[in-house]
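K.L.:
need a structure here:
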Amino acid sequence: MDILFILALATVCVVLVFDYTNGFHDAANIVATMIASRAMLPAQAVLLVAVFEFLGPLLGGTAVANTIGKFVDLDGLEPRLALAILLCGLLGAISWNLITWWKGIPSSSSHALVGGLAGAVVVSTGLAHVAWGFAELAHGHLTGVTKVLLALLLSPLLGFWVAFLVHKVMARLLAGARPIINRDLRRAQFFTAAWLAFSHGANDAQKSMGILTLVLLLGGFTHEFAVPFWVMLACSLAITLGVLTGGWRIVRTLGFAIYKVRPLHAIDSQITSAAVIFGASLLGAPVSTTHVVATSIMGIGYAERPKAVRWQKAREIAMTWIITIPGAAAMGVLFYLLFLALTRGFQ
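P.N.:
As a prediction, this is how the structure comes out:
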């Protein structure tokens, strides 16, 4: 069997594994507020999320996939080397996802993907093969790593301040309401949580769709960067399976360790997170669900009782955000060096 085909197949499988770990890692981000506010039992929350998570990649377009698939430039490389570099970057991102999951740290799969790929590309071919986008930014165009990093930087800030405003408005509207309103707020979460799950699927699965399409392009299996339907379906299935099986360690961090979440807080966080993530998907901006959900909870706490927010836990999460890109990049570098050592052994 042709070595290029075997390498392409292996890379496709690793992309789907990354997509699975993305869902596995981010499941808690989506269900944490539902469970913490007692709107649903864990099994109910996961089943609801899985259904709309599956629909998100199929109906959410491909704008994010186009962004992610074009922030590294490997067109001029020999196909087998290009696929090997992608493979090493993906393994770096997956490793970082698993490490942070094991430690119960809500880090970003998006940061891990960017870091892992950038690390493998830079160590193997140099800085020139990463589409940084700095020159385009000077002319008012957002593209490449600049677009990715700007989206990852702005989305948590939007999550915080939009949640702050949403909670202020909702608290004013419900001022004087009887405690029975909590029952209605819990029921309403079936709709807001579904929107959040759809938005997450539409944004996060597209990252894997973009890389998978890049694999097909670099391997010569397609002649243009256009996401096939089978790629959408495969990524949709992989991320949904991940959601169905994972992430419970992080529920404690997001649902209980930042701020005590009640029904009103939960629905405000879900509305905010879904709106920010869905809006980013329409703009082709990859964002971190982890960042947006966590900062929305902080924003709600800040709007209500700033002293009750566990800012120490927020600082711990922020530190993890800072180290994720270099950490995943280091993992990508390690996997590429391991690849070189192994291939030398066969020469």
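
K.L.:
Mind giving me the packing neighbours of the longest helix along the chain?
P.N.:
Assignment by DSSP state H gives helix 181-218 as the longest helix of the chain. If you count contacts as 3 or more Cβ pairs under 8 Å, 6 or more residues apart in numbering; DSSP states H and E, helix 181-218 packs onto helix 3-36, helix 42-59, helix 63-68, helix 79-102, helix 109-125, helix 229-245, helix 263-283, helix 289-304. Placement of C-beta: from N, CA and C, glycine included.

K.L.:
buried set for that helix?
P.N.:
Within helix 181-218, the residues that qualify as buried are 182, 185-186, 188-189, 192-218, counting by 16 or more other Cβ atoms under 10 Å.

K.L.:
quick one: low-confidence parts of the stretch 151-300 of the chain?
P.N.:
246-257 (pLDDT under 70).

K.L.:
ok, 90 please
P.N.:
Applying pLDDT under 90 to the stretch 151-300 of the chain picks out residues 151-154, 156, 175-182, 204, 207, 218-226, 242-263, 283-291, 293-294.

K.L.:
ok, back up a step: mind checking the helices and strands packed on helix 181-218 for the one nearest to residue 341?
P.N.:
Smallest distance to residue 341 across the helices and strands packed on helix 181-218 (Cβ to Cβ): 11.9 Å, for helix 79-102.

K.L.:
and the closest one, which residues are buried?
P.N.:
Buried residues in helix 79-102, counted by 16+ other Cβ under 10 Å: 80, 82-97, 100-101.

K.L.:
likewise stretch 58-73?
P.N.:
60-72.

K.L.:
With stretch 26-34 instead?
P.N.:
By neighbour count with 16+ other Cβ under 10 Å, stretch 26-34 contains the buried residues 26, 27, 28, 29, 30, 31, 32, 33, 34.

K.L.:
For the first one, which non-adjacent residue is spatially closest?
P.N.:
When you say that, I think you mean residue 26. Ranked by Cβ to Cβ, 6 or more residues apart in numbering and with sequence neighbours excluded, the top spatial neighbour of residue 26 is residue 289, at 5.2 Å.

K.L.:
Next, count neighbours for the one you found.
P.N.:
By other Cβ atoms under 10 Å, 29 other residues sit near residue 289.

K.L.:
isn't it right next to residue 28, touching?
P.N.:
No. Contact between residue 289 and residue 28 fails when scored by Cβ atoms under 8 Å: they sit 10.1 Å apart.

K.L.:
what's the closest of the buried residues of stretch 58-73 to residue 40?
P.N.:
Lowest distance from residue 40 to the buried residues of stretch 58-73 (Cβ to Cβ) belongs to residue 60, with 23.5 Å.

K.L.:
show me what contacts residue 190?
P.N.:
The neighbours of residue 190, taking Cβ atoms under 8 Å, 6 or more residues apart in numbering as the test, are 39, 40, 48.

K.L.:
would you turn the residues you listed into JSON lines with pLDDT and distance to residue 144?
P.N.:
Listed next are the contacts of residue 190 as JSON lines, based on pLDDT from 0 to 100; distance: Cβ to Cβ, whole Å:
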{"residue": "39", "pLDDT": "84", "distance to residue 144": "40"}
{"residue": "40", "pLDDT": "82", "distance to residue 144": "40"}
{"residue": "48", "pLDDT": "89", "distance to residue 144": "36"}
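
K.L.:
between the residues you listed, which has the most around it?
P.N.:
Using other Cβ under 10 Å as the neighbour test, the contacts of residue 190 are led by residue 39, with 25 neighbours.

K.L.:
Now it. Its backbone dihedrals?
P.N.:
In terms of degrees, to the nearest 10, the main-chain angles of residue 39 are phi -80, psi -30.

K.L.:
for residue 132, same thing?
P.N.:
Dihedral angles (degrees, to the nearest 10) for residue 132: phi -70, psi -40.
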